[in-house]
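1. Okay, here's the prediction I keep looking at, along with the sequence it came from:
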Amino acid sequence: MRRSKPLPDHPEFSIIEHLTCREFRVENWRLARDGSRKVLRFYGWSYYDALFPLAISILWPKAHADKKFFYVLLVAVLIYAYHKCTRILWESVIAIPLLGIQLETHRGLPGLPLSVSRNFIPMSFLRDFIINEGLHGWNVRYYLAAIKEQDQVVTLHVAFENILPYFPVLLEVYHGVQEMMFEETSTN
């Protein structure tokens, strides 16, 4: 397994080469656009996370005395835990030549993935892998999509749908997937 970061301006993007496949991974953080190269994280621990256990410890005597307040506090703790445990850590596109493409989203705590959602598209149903553009308000946003055709039904499966990386990252992934999936199958 070899990991490389081909775009110096986008260190959140990496390519992981395995023996039989290639993973294009985008982590959920970016660099500041002001030229300071400061890392902007969209997940992680903050000062509010340190204050949450303090608030629970202060409110615990009241919750211990009042059952209704205990349940309200319990619901608040469960909502907080759910919010922390379902944050997106990274998304990836795994190109497996002659087999298909797998789109993955990893969620969990910083440094500890707790769940993974995977969507595998077999090569027999994969028609193309494209860069598409969509309108969001007054902005044009580019995204990668796999076109799947099964039983005359065509569907788009969006890669990196939660993180939406910048265009240079999308272009690098697009060229890598096209090279791995479609150029190898056309030569065989």
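-> Alright, I've got the coordinates.
2. The residue of the chain positioned farthest from its centre and residue 59: what is the separation?
-> The C-alpha centroid of the chain is most remote from residue 65, which lies 42.9 Å away (C-alpha atoms, centre = their mean). As judged by C-beta to C-beta, to the nearest Å, residue 65 and residue 59 stand 11 Å apart. From N, CA and C alone the C-beta is placed, and that goes for glycine too.
3. Tell me where the protein has strands.
-> 2-4, 13-17, 22-27, 29-31, 39-41, 88-96, 100-109, 112-122, 126-136, 139-150, 153-159 (DSSP state E).
4. Of all those, which one is nearest residue 180?
-> Of all the strands of the chain, strand 88-96 sits nearest to residue 180, with 4.1 Å by C-beta to C-beta.
5. What number of neighbouring residues does the closest residue to residue 130 other than its chain neighbours come out with?
-> Of all residues not flanking residue 130 in the chain, residue 145 sits nearest, at 5.6 Å (C-beta to C-beta, 6 or more residues apart in numbering). A count of nearby residues for residue 145, using other C-beta atoms under 10 Å, gives 18.
6. I figured residue 145 hits residue 155, correct?
-> No. Here residue 145 does not reach residue 155: they are 9.5 Å apart, not a contact under C-beta atoms under 8 Å.
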